[in-house]
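Colleague: Based on what follows, work out the 3D shape:
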Amino acid sequence: MDKPWDFYGLGKNTFKKEKEIFESRVKKQQFIQENVFEELVKVAMHPKRIVKYLNMGYSIDDLDNLL
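Modeller: Okay, here's the model as predicted:
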């Protein structure tokens with residue numbers, strides 16, 4: 001059976017491991033957003049590609065929703 005809840009113990013728990021995992025994810029997301037995503041958007045949303053997407057049948061709203 002489950003252990004009874006110990007609210008005092010939960011209050012003292014600093015969730016150190018979870019905090020480290022969260023901070024690691026935030027750093028990775030910031031790196032991707034600052035370095036990778038910017039370059040991807042430059043390539044994917046080049047004016048020639050936008051014209052290509054429009055010719056393929058996508059609307060401006062569809063392209064806007066993709067980003």
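Colleague: From now on I want contacts and neighbour counts done on CA atoms only, so please keep to that.
Modeller: Fine.
Colleague: mind checking how far the strand or helix carrying residue 63 is from the chain centre?
Modeller: If you go by DSSP states H and E, residue 63 is part of helix 60-66. On the basis of Cα atoms, centre = their mean, to the nearest Å, helix 60-66 is displaced by 18 Å from the centre of the chain it belongs to.
Colleague: average pLDDT for it?
Modeller: Averaged across helix 60-66, pLDDT comes to 83.
Colleague: Restricting to C-alpha, output that helix in CSV.
Modeller: Once non-C-alpha atoms are left out, helix 60-66 reads as follows in CSV (Å, rounded to 0.1, in the frame of the first residue of the first chain):
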residue,chain,number,x,y,z
ILE,A,60,-1.1,33.2,-45.7
ASP,A,61,-3.0,32.2,-42.6
ASP,A,62,-1.7,28.6,-42.9
LEU,A,63,1.8,29.9,-43.1
ASP,A,64,1.3,32.2,-40.2
ASN,A,65,-0.1,29.4,-38.1
LEU,A,66,3.0,27.2,-38.9
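Colleague: That helix packs against which elements?
Modeller: In this structure, helix 60-66 makes packing contacts with no helix or strand, judged by 3 or more Cα pairs under 8 Å, 6 or more residues apart in numbering; DSSP states H and E.
Colleague: what's the pLDDT at the most centrally placed residue in the chain?
Modeller: In the chain, the residue lying closest to the centroid (Cα atoms, centre = their mean) is residue 29, at 6.0 Å. pLDDT, the model's per-residue confidence, is 91 for residue 29.
Colleague: same thing with residue 1?
Modeller: At residue 1, the pLDDT value in this model is 51.
Colleague: Give me the distance from stretch 58-67 to the chain's centre.
Modeller: Averaging C-alpha coordinates over stretch 58-67 and over its chain gives two centres that are 19 Å apart (Cα atoms, centre = their mean).
Colleague: Next, give phi and psi for residue 52.
Modeller: Main-chain dihedrals, residue 52, degrees, to the nearest 10: phi -60, psi -50.
Colleague: just the one 4 residues further on next, same as before
Modeller: Summarising the backbone geometry of residue 56 under the convention degrees, to the nearest 10, its torsions are phi -80, psi -10.
Colleague: That one: neighbour count?
Modeller: When neighbours are defined as other Cα atoms under 10 Å, residue 56 has 9 of them.
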